[in-house]
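Novice: structure for this input, please:
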Amino acid sequence: MIDLVIDTNVFVAGLRSSDGASREVLRRLLTKRYRPLFGNALWMEYCDLLERPVFGNSTTANERWEVLAALASCGRWTSVYYGWRPNLPDEADNHLIELALAGSAEGIVTHNTRDLRRGELRLGPLKILTPSESLETWT
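Specialist: Okay, here's the model as predicted:
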């Protein structure tokens, strides 16, 4: 199974649109082709987003909670014990790298590849991909 960190922007895009690469990433997570990694910081971001009006009318808050619960049931909780501080342009994104490294993820799926790839740390085999790129990489 492919362990991935799924940025909240992919989660939002996947729930806003019934088509597209982000929705397919969510489908693959829910059918256990990929396994999402969760940590405290990312989990809090997901929960915080569920009640915000960023989703439009595409889903209800209850439906979003159900999807998150389903993702949690097929995901893996990962504790981050070491702060790598890759010094990304947006300090708030550092936790994604830390989670991926702590959980030995194969990649981070995000719409914000530009910023996540600009860190000062060299991350070895960790891939930072858009949803479309992730679908091509892990078929």
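Novice: for the nearest residue to K32 once chain neighbours are set aside, what are phi and psi?
Specialist: Nearest non-adjacent residue to K32, counting by CB to CB, 6 or more residues apart in numbering: C74, 5.4 Å away. Where you see a C-beta, it was placed from the backbone N, CA and C, and this is true even at glycine. Dihedral angles phi and psi of C74 (degrees, to the nearest 10) take the values phi -110, psi 0.
Novice: likewise S58?
Specialist: Dihedral angles (degrees, to the nearest 10) for S58: phi -70, psi -30.
Novice: can you pull the contacts of it?
Specialist: Taking CB atoms under 8 Å, 6 or more residues apart in numbering, we find S58 in contact with L15, R16, S17, S18.
Novice: which of those has the most neighbours?
Specialist: L15 (22 neighbours; other CB atoms under 10 Å).
Novice: re the thing from before, thought the residue nearest to K32 was touching F38?
Specialist: No: between C74 and F38 no contact is recorded; they are 10.7 Å apart, counting by CB atoms under 8 Å.
Novice: neighbour count: these two, which is higher?
Specialist: For C74 versus F38, the count of surrounding residues by other CB under 10 Å is larger for F38: 19 against 14.
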